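> below are the sequence and a predicted model; questions follow.
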Amino acid sequence: DAKTTQPTSMDCAEGRAANLPCNHSTISGNEYVYWYRQIHSQGPQYIIHGLKNNETNEMASLIITEDRKSSTLILPHATLRDTAVYYCIVRVSGSARQLTFGSGTQLTVLP
Amino acid sequence: NAGVTQTPKFQVLKTGQSMTLQCAQDMNHNSMYWYRQDPGMGLRLIYYSASEGTTDKGEVPNGYNVSRLNKREFSLRLESAAPSQTSVYFCASSPGQHTDYGYTFGSGTRLTVV
């Protein structure tokens, strides 16, 4: 699976959009981009995933660049409860290899 | 509520003691996983079970054994606990390893080995 690079930490004002970047310059054509988050002391929570088209669900939007070398997770109206570590994971669809978590980005939503 | 249930939530062991961490899911998922998370670090896969009756090693299997008791339950056993196994242990499940839906994680077991 391709490696990912994320900033160590970010701050965002409550009510504003939080944009979390992820670089995956070695991504291959059959690898998906997954996002999970982990609120303090809890198990990780699935957010969204995509291959090359932008995706949106009730939690977030995922924007993948045309060359697929980077992506951005967008939380449109961040709340204090969105404070968490966000993990960007690249994984081959249908792969027998399991999710591999890096260090992620600590997002702190400020009041 | 449907989900992944882990027991116990907290445990303190003495070095050399054994114990089994229990995990059960009620979502009819085929695949189950055990991860550990050390302070300030990401999750590392210990063992996984792609389907009932199969288990495979992950990134850090040494010192652990697993049993896929049935489709619902996947247990993790520490035969002789060591201080290096002090960690938070998470169990997860997914519909199947060839499915792109997200994993569902339990709330974790916080294990301290003294």
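Done, it's in.
> ok, the strand or helix carrying A:Met10: who's next to it in the sheet?
A:Met10 is part of strand A:9-13, with elements assigned from DSSP states H and E. Partner strands for strand A:9-13, per DSSP bridges, with pairing direction: strand A:105-110 (parallel).
> buried residues in the partner strand?
Within strand A:105-110, the residues scored as buried using 16 or more other C-beta atoms under 10 Å in any protein chain shown are A:105-107, A:109. The C-beta positions use only the backbone N, C-alpha and C, and glycine is treated the same way.
> turn these into CSV, columns for pLDDT and distance to A:Arg16.
Putting the buried residues of strand A:105-110 into CSV (pLDDT from 0 to 100; distance: C-beta to C-beta, whole Å) gives the following:
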residue, pLDDT, distance to A:Arg16
A:Thr105, 96, 16
A:Gln106, 96, 17
A:Leu107, 98, 12
A:Val109, 97, 9
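> and the residue of chain A at minimum distance from chain B, bridged to which residues?
Closest residue of chain A to chain B, C-beta to the nearest C-beta: A:Tyr46 (2.5 Å). Applying DSSP bridges to A:Tyr46 yields these beta-bridge partners: A:Tyr36.
> and A:Ser61, by the same measure?
Residues in a beta bridge with A:Ser61, per DSSP bridges, are A:Thr56, A:Ile74.
> that one against A:Ile47, yeah?
No: taking contacts as C-beta atoms under 8 Å, A:Ser61 lies outside contact range of A:Ile47: 10.1 Å.
> mutual contacts of these two, please.
Both A:Ser61 and A:Ile47 are in contact with A:Leu73, where contact means C-beta atoms under 8 Å, 6 or more residues apart in numbering or on different chains.
> and the closest residue to A:His77 other than its chain neighbours, how many neighbours?
Of all residues beyond its chain neighbours, the one nearest A:His77 is A:Gly15 (5.8 Å), with distances taken as C-beta to C-beta, 6 or more residues apart in numbering or on different chains. Using other C-beta atoms under 10 Å in any protein chain shown, A:Gly15 has 11 other residues around it.
> hmm, A:Gly15 is touching A:Ala78, no?
Yes: with contact defined as C-beta under 8 Å, A:Gly15 and A:Ala78 form a contacting pair (6.9 Å).
> contacts only, for the residue nearest to A:Asn23 when sequence neighbours are not counted.
Distances taken as C-beta to C-beta, 6+ apart place A:Thr5 nearest to A:Asn23, at 4.3 Å, with adjacent residues excluded. A:Thr5 is in contact with A:22-24, counting by C-beta under 8 Å, 6+ apart.
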